[in-house]
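**Student:** Give me the fold of what follows.
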Amino acid sequence: MKTSFRESFEKDVRVIHEKNILARIKTVIEMVEAAPDTRAVAGLKKLKGAADYYRIRVGEYRIGIIVGNNEVVFVRVLQRKDIYRYFP
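**Tutor:** Just a heads-up that it's a prediction; the model follows:
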């Protein structure tokens with residue numbers, strides 16, 4: 001699937017200093033790029049009340065994404081306690 005990244009996602013990644021979390025985020029991005037559709041992405045969960053919004057769990061962090069027309073937009077990556085304040 002085609003992927004793009006919002007500036008907010010890039011800023012969130014710069015703040016994370018844990019190398020194992022950064023490596024897992026990179027693995028998730030590669031997995032999403034290689035997947036033919038959303039059903040092939042492990043750990044992808046649709047958010048209630050939002051049409052095209054999904055999240056992927058990475059340890060204590062959550063990656064917020066928007067899926068539409070064979071394109072995935074990575075929007076935020078925040079700790080579990082903060083993600084739902086800022087996404088969607």
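**Student:** From now on I want contacts and neighbour counts done on CA atoms only, so please keep to that.
**Tutor:** Will do.
**Student:** what residues are up against the residue most central in space within the chain?
**Tutor:** Centroid check for the chain by C-alpha atoms, centre = their mean gives Ile63 as the closest residue, at 3.0 Å. Listed by C-alpha atoms under 8 Å, 6 or more residues apart in numbering, the contact set of Ile63 reads 55-57, 74-78.
**Student:** likewise Asp12?
**Tutor:** Contacts of Asp12 by C-alpha under 8 Å, 6+ apart are 76-78.
**Student:** all helices of the chain, in order?
**Tutor:** Using DSSP state H, the helices found in the chain span residues 7-15, 19-34, 80-86.
**Student:** how about the first one: buried residues?
**Tutor:** Residues of helix 7-15 classed as buried under the neighbour-count rule (16 or more other C-alpha atoms under 10 Å) are 9, 13.
**Student:** Report the distance from it to the chain centre.
**Tutor:** Chain-centre distance of helix 7-15: 12 Å, with C-alpha atoms, centre = their mean, to the nearest Å.
**Student:** send the alpha carbons of that helix over as PDB?
**Tutor:** Extracted C-alpha coordinates of helix 7-15, given in PDB (Å, rounded to 0.1, in the frame of the first residue of the first chain):
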ATOM      1  CA  GLU A   7       4.400  16.400   9.900                       C
ATOM      2  CA  SER A   8       2.900  15.600  13.300                       C
ATOM      3  CA  PHE A   9       4.000  11.900  12.900                       C
ATOM      4  CA  GLU A  10       7.500  12.900  12.100                       C
ATOM      5  CA  LYS A  11       7.700  15.200  15.100                       C
ATOM      6  CA  ASP A  12       6.300  12.500  17.400                       C
ATOM      7  CA  VAL A  13       9.000  10.100  16.100                       C
ATOM      8  CA  ARG A  14      11.800  12.600  16.800                       C
ATOM      9  CA  VAL A  15      10.700  12.800  20.500                       C
END
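**Student:** quick one: that helix to helix 19-34, angle?
**Tutor:** Helix 7-15 and helix 19-34 meet at an angle of 150 degrees, taking axes from the mean of the first three to the mean of the last three C-alpha atoms, to 10 degrees as the criterion.
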